[in-house]
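J.: Please find the sequence and the predicted model below.
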Amino acid sequence: MTALRACSLFAAMLFALVTPARADDEGVPYWASIDAEIANMRVGPGDSYRISWVYRRPHLPVKVVRREGPWRLIEDPAGDRGWMRDLLLSRQRAAIVKGEGLAEIRAAPTSGSHLQWRVEPGVVGLLGECEAGWCQFDAGGHKGFAQADRLWGAGAP
């Protein structure tokens, strides 16, 4: 075998090993939400890694920052990172109210529209369309519009 052929073969094998890892990370980061009553976050991408957090909050928004096979490296609203199985996550967008004081939920996406209710930081809800600084927000069937800057999970991941 010539040196050129051996080098080409080595490069092809190396490319084959590297390509799947790149394909796994296509489309990240993206928003997701926890889709289980109980979800374990682990320190590594596998069941043999120790559990670092146990989430008991369905629809909690998370940011997926990396993919490795069926595992997702996620970041939660507090900034903690760890690995979670893809089966425990949904692409359903959700958000959590952030900031100080109560957030106003309005009937329409304007500050002058009827005030539906106020929610505390930490309230989780499903997220609808966001436009002009306002997002549709559904907290347990109570629907309205919240200012996007009060929601972690709105905007680009």
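T.: Good, I have the coordinates.
J.: which residues does His142 bridge with?
T.: Under the criterion DSSP bridges, His142 forms beta bridges with Ala139.
J.: Break this protein down into its domains, please.
T.: Segmentation of the chain into domains, based on automatic domain parsing, reads 25-91, 95-152.
J.: would you turn these into a markdown table with mean pLDDT?
T.: Shown next, in a markdown table, are those (pLDDT from 0 to 100):
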| stretch | mean pLDDT |
| --- | --- |
| domain 25-91 | 97 |
| domain 95-152 | 97 |
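J.: Can you lay out those domains as TSV showing mean neighbour count?
T.: Placement of C-beta: from N, CA and C, glycine included. Listed next are those as TSV, based on neighbours: other C-beta atoms under 10 Å:
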stretch	mean neighbour count
domain 25-91	16
domain 95-152	17
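J.: Quick one: name whatever helix or strand follows the helix or strand where Trp83 lies.
T.: In the assignment (DSSP states H and E), Trp83 maps to strand 81-85. Scanning forward in sequence from strand 81-85 by DSSP H and E, the next helix or strand is strand 89-90.
J.: That following strand: partners in the sheet, and parallel or antiparallel?
T.: Going by DSSP bridges, the partners of strand 89-90 are strand 30-34 (antiparallel).
J.: now the helix or strand following the partner strand, how far from the centre of its chain.
T.: Next helix or strand after strand 30-34 toward the C-terminus (DSSP H and E): strand 39-42. Put simply, strand 39-42 sits 14 Å off its chain's centre (C-alpha atoms, centre = their mean, to the nearest Å).
J.: From the contact counts, what lies against whatever helix or strand comes next after strand 39-42?
T.: Next helix or strand after strand 39-42 toward the C-terminus (DSSP H and E): strand 51-55. For strand 51-55, the elements it packs on are strand 39-42, judged by 3 or more C-beta pairs under 8 Å, 6 or more residues apart in numbering; DSSP states H and E.
J.: Identify all contacting residues around the strand it packs on.
T.: The contact list for strand 39-42 (C-beta atoms under 8 Å, 6 or more residues apart in numbering) reads 49-55, 74, 76, 80, 82-84, 88.
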